[in-house]
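1. No sequence on hand, only this structure:
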């Protein structure tokens, strides 16, 4: 099992094209089950989540728990990924102020 946690501040109107960009786990190495928890500090963040060719969530509001996701409660997106599939979590801030995102990705080799 691999567990990755990402957090950052995102300015008003800005977009992070892929939170996982540059991570060793951006591309799955094995046939895996991938679970995602995407949480924000306040209302105004929307996310798109893709696993390879599968769009798991298309620009939708995210939880506002203001913390990293808790297993299993916040991991509402789960997919089976092939080796080499790119994992993408895109976050956009629709609010008038800076907000914080918390992304946790859990990868289990199958």
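-> Received it, and whenever you're ready, just let me know what you need. Bear in mind the structure is a predicted one, so any value in this text is a computation, not a measurement. Numbers count the residues shown, from 1 in each chain.
2. For residue 60, which non-adjacent residue is closest in space?
-> residue 46 (6.1 Å; CB to CB, 6 or more residues apart in numbering). Every C-beta, even on glycine, is put in place using the N, C-alpha and C of the backbone.
3. and the one you found, what is it in contact with?
-> 59, 60, 61, 62, 91, 92, 94 (CB atoms under 8 Å, 6 or more residues apart in numbering).
4. most surrounded residue in these?
-> residue 91 (25 neighbours; other CB atoms under 10 Å).
5. Now do the helix or strand that that residue is a member of: everything it contacts.
-> Per DSSP states H and E, residue 91 falls inside strand 87-93. Contact with strand 87-93 is made by 6, 10-20, 25-28, 34, 36, 38, 40, 44-51, 59, 62, 81, 99, 101, 103, 105, as judged by CB under 8 Å, 6+ apart.
6. Report the buried members of those residues.
-> Among the contacts of strand 87-93, those classed as buried by 16 or more other CB atoms under 10 Å are 6, 10, 16, 18-20, 26, 28, 34, 36, 38, 40, 44-51, 62, 81, 99, 101, 103, 105.
7. does the residue nearest to residue 60 sit in a helix, a strand or a coil?
-> What DSSP: H, G, I helix; E, B strand; the rest coil gives for residue 46 is strand.
8. Now do it, the pLDDT please.
-> Residue 46 carries a pLDDT value of 98.
9. Next, the buried residues of stretch 84-93.
-> Quick answer for stretch 84-93 (16+ other CB under 10 Å): 85, 87, 88, 89, 90, 91, 92, 93.
10. Tabulate these (CSV), appending pLDDT and distance to residue 2.
-> Output for those, formatted as CSV (pLDDT from 0 to 100; distance: CB to CB, whole Å):
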residue, pLDDT, distance to residue 2
85, 98, 14
87, 97, 11
88, 98, 17
89, 98, 15
90, 98, 21
91, 98, 21
92, 98, 26
93, 98, 28
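11. Kind regards, and thank you for your time.
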